[in-house]
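Engineer: Below are the sequence and a predicted model; questions follow.
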Amino acid sequence: MTLAPDAVRVAEPLPWGRHYAAVSPDHFRVDYVINPFMDPARQPDPRYARRQWERMVGALRGLGARVDVLGQRPDSPDMVYAMNLGLAVASADGTDRRVVMSRMRYAERRAEGLSAAPWFAGRGARAVELAGEASFEAGDAFAFGGELVVGHGPRTAEPALHALAAELEVRVRGVRIVHPSMYHLDLAFQPLDSRRAMVCPAALDPASAEALLALVPEPLVLSEEEALTFVANSVVVDRTVLAPACPPRVREVLEGWGFTVVLLDVSEFHKGGGSVRCLTNPLDLRLGRDLAVVPGGEVLLA
Ligand code: ARG
């Protein structure tokens, strides 16, 4: 099987991203500070937040995506950021579905999995604990070019990359995050199709930025300023990019490539440091299609 990006000459839409988990914002608050955006003095308005979240879910469903909703635990104000619950990966034939549960870096988020694991299990996906003790947050992980690209540093710890490679039997490409405001890879990287992705090199150390740019045949390179609008924290369904914001230059490139940009205001959720991608978690990644199977697994570090 060849999933190497240089072999991919035609820009095909992403085959995944048609099925999501999302957490209904029943108890969304900013109670503590674990990233530079959070300030307990600036609380989200619960009704406004719910309206924004409902519009986002409606937009996804309007594009034909399926969205499954789980409730939020009262003790887990950050649980709305569903992306961080875990990484869902199905076997090639789709019969064996696994969710590699996150092992959150901060204690404040560790109760989320207590509800998420049984919820996934109830929907026929095994909740799997990563071997070892290293932290892993699924907002750091993306399939691209047949590899699992994983950001490490602020949240995911490097040893988790080896555990992930062994668990899933895939090639894990580690990139080191060095920017305090792009503490998850999904704030600096967003696959668009089989050849293209948004990449913010300023989020990464120089060797990692170079490695990630080399993996993407046609990168849409974001400046630090552009990335800090949260544009990379968007969701792509076929040729539509659901984005919380889109700087004019970025929009021009996306539209030039045939994408439609739909803006979604999720400003209340920016108070917790997350946006559209963080609020959703794709459940339809497949081994053999989106991630090449590498027996035993392999880790590449820049
Ligand atoms: N307050 C949350 C945290 O710091 C925000 C998570 C954002 N999620 C994401 N996938 N980037 O953990």
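Structural biologist: Cool, got the structure. Keep in mind the model is a prediction, meaning the values are calculated, not measured.

Engineer: quick one: contacts for residue 259?
Structural biologist: Residue 259 makes contacts with 192, 236, 239-241, as judged by Cβ atoms under 8 Å, 6 or more residues apart in numbering. No exception for glycine: its C-beta is placed from N, CA and C like everyone else's.

Engineer: Can you pick out the most distant pair from those?
Structural biologist: Spanning the widest gap among those are 192 and 240, at 10.7 Å by Cβ to Cβ.

Engineer: So for these two, which sits in the more crowded spot?
Structural biologist: residue 192 (24 against 20; other Cβ atoms under 10 Å).

Engineer: Surely the more buried one touches residue 237?
Structural biologist: No: under the criterion of Cβ atoms under 8 Å, residue 192 is not in contact with residue 237, lying 11.3 Å apart.

Engineer: in the stretch 201-302 of the chain, which segments are predicted with low confidence?
Structural biologist: Counting by pLDDT under 70, the stretch 201-302 of the chain contains no low-confidence range.

Engineer: try it again with 90
Structural biologist: The model of the stretch 201-302 of the chain has pLDDT under 90 over residues 302.

Engineer: tell me which parts of the stretch 51-200 of the chain are close to the ligand?
Structural biologist: 78, 81, 83-84, 109, 139, 184, 186-187 (Cβ under 6 Å from any ligand atom).

Engineer: can you tell me which of the residues you listed lies nearest to the ligand?
Structural biologist: Of all those, the ligand sits closest to residue 139, with 2.6 Å by Cβ to the nearest ligand atom.

Engineer: Just the pLDDT at the residue lying closest to the closest one once chain neighbours are set aside, thanks.
Structural biologist: Take residue 139 and drop its neighbours on the chain: the residue closest to it by Cβ to Cβ, 6 or more residues apart in numbering is residue 184, 3.7 Å away. Note on residue 184: pLDDT of 98.

Engineer: Likewise for residue 7?
Structural biologist: 55.

Engineer: and residue 185, what is it in contact with?
Structural biologist: 139-142, 149-151, 175, 177, 203 are the contacts of residue 185 under Cβ under 8 Å, 6+ apart.

Engineer: Tabulate those in CSV, adding columns for neighbour count and secondary structure.
Structural biologist: CSV is the format used below for those (neighbours: other Cβ atoms under 10 Å; DSSP: H, G, I helix; E, B strand; the rest coil):
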residue, neighbour count, secondary structure
139, 25, helix
140, 31, helix
141, 27, strand
142, 24, strand
149, 25, strand
150, 24, strand
151, 29, strand
175, 29, strand
177, 23, strand
203, 30, helix
